[in-house]
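In: Mind folding the following:
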Amino acid sequence: MILIYIQDAENPEINSALGNVLLYVFLACMTIIMLVKFYAFIESFYAIKRNKPFFLNTMFFKKELSNRQLSILKNEFEFYSKLNKNEQAVFRHRLATFINSKEFVGREGLRVDNEMKTLISATAIMLTFGFRDYLIELIDTVIIYPKVYYSKLNETYHKGETNPQLRTIVFSWEDFKKGYHIGDDNLNLGIHEFGHAIHLNAFGKSDISSEIFRNGFNDLTSYLQDHKAVRDNLTASKYFRAYAYTNQFEFFAVLLENFIETPDRFKAQFPDLYGYMKQILNFNFAGY
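Out: Next comes the predicted model:
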């Protein structure tokens, strides 16, 4: 129970009016909270049935890229060219927002430039393009090394890593670029590491996009557990590299590389798995 009490002995009318105003404000706030909770419940139910949110995009204050960033996006990021004009406008807004929301840090003397910011961020936006909450809030900082770097944590050389404790994602720029140089070998450092970040983020958040991801991933896991023949075909086909079978995080990250780089082959060989990946990512554009 909440009691609202204001005393003004000399002005009882003011006392009564202020009390009524505060009571109305309180009731209005409670009504809004209840409506928001009701909306979240209905959308969650809808997401379970349809594997997508009520709405995907909001652009109240549309952001645009610099001329240099836009030039890089158009010339070096093929996925963008496959989108229709409305989707491209959303992509540009999301990309500009992502770039502005993260800190980019160069290591070993590397100077972070527009190409690095644009291509790394565009990879994240591509993978979360079916999400309403697309900023991967688990990550605050993008660290970029010129090439493979030595990690003191496990005393070995890395090409990239995702560190949720430090809220960072790390790339060797040389290897990041190499991932896009050959676009159909299912080896892409940017996609792989952002796959980890998206996976970890979805299992730590309660937004509708994370809920859809978790539901889809759990459906995928159950499907594989119930179909031994499919599991045997996966390993026998050698379509997915052996690293995929290290754990569930590597499995998803490798599937994501294949899904983005060779979708036609993926769909032809493993149509059910392909369908689950579309469900997990709400990926219904650019020909996928």
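
In: Quick one: the helices in the stretch 1-150 of the chain, in order.
Out: Assigned by DSSP state H, counting those that start in this stretch, the stretch 1-150 of the chain shows helices spanning 12-50, 67-76, 78-81, 85-101, 114-127.

In: Okay, buried residues for the third one please.
Out: So that's helix 78-81. If you call a residue buried by 16 or more other C-beta atoms under 10 Å, then helix 78-81 has these buried ones: 79-80. Yep, even glycine has a C-beta here, placed from its N, CA and C like the rest.

In: outside of it, which residues touch it?
Out: With C-beta atoms under 8 Å, 6 or more residues apart in numbering as the test, helix 78-81 has contacts from 73-74, 88, 91, 122, 126, 183, 260, 286.

In: Which of the helices of the stretch 1-150 of the chain has the lowest mean pLDDT?
Out: When the helices of the stretch 1-150 of the chain are compared by mean pLDDT, helix 12-50 comes last with a mean of 62.

In: okay, the spatially most central residue of the chain: pLDDT?
Out: Residue closest to the mean C-alpha point of the chain, counted by C-alpha atoms, centre = their mean, is residue 128 at 3.9 Å. pLDDT for residue 128: 98.

In: and residue 183, what element?
Out: Counting by DSSP states H and E, no helix or strand carries residue 183.

In: likewise residue 236?
Out: Short version, using DSSP H and E: residue 236 is in helix 228-237.

In: what's the angle from the helix or strand following that helix to helix 228-237?
Out: Later in the chain than helix 228-237, the nearest helix or strand by DSSP H and E is helix 248-261. Compare the direction of helix 248-261 with that of helix 228-237 by axes from the mean of the first three to the mean of the last three C-alpha atoms, to 10 degrees and you get 70 degrees.

In: Tell me the buried residues in the helix or strand following helix 248-261?
Out: Using DSSP H and E, the helix or strand that follows helix 248-261 in sequence is helix 263-269. Residues 263, 266-267, 269 are the ones in helix 263-269 that count as buried (16+ other C-beta under 10 Å).

In: what separates helix 263-269 from the chain centre, distance-wise?
Out: In terms of C-alpha atoms, centre = their mean, to the nearest Å, the centre of helix 263-269 is found 23 Å from the chain centre.

In: by contact count, what packs against that helix?
Out: Packing contacts for helix 263-269, counted by 3 or more C-beta pairs under 8 Å, 6 or more residues apart in numbering; DSSP states H and E, involve helix 248-261, helix 271-281.

In: Not counting it itself, show me its contacts.
Out: Residues outside helix 263-269 that contact it (C-beta under 8 Å, 6+ apart) are 237, 239, 258-259, 273-274, 277, 287-288.

In: Which of the residues you listed are buried, as a PyMOL select command?
Out: Entered in PyMOL, the line below selects the buried ones among the contacts of helix 263-269, by 16+ other C-beta under 10 Å:
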select buried, resi 239+258+259+273+274+277+288
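
In: Out of the contacts of helix 263-269, flag the one nearest to residue 42.
Out: residue 277 (26.5 Å; C-beta to C-beta).

In: Tell me how far that closest one lies from residue 267.
Out: For residue 277, the distance to residue 267 equals 10 Å [C-beta to C-beta, to the nearest Å].

In: before we move on, what about residue 221?
Out: 20 Å.

In: Residue 145 too?
Out: According to C-beta to C-beta, residue 145 and residue 267 sit 35 Å apart.

In: go on, residue 244?
Out: According to C-beta to C-beta, residue 244 and residue 267 sit 17 Å apart.
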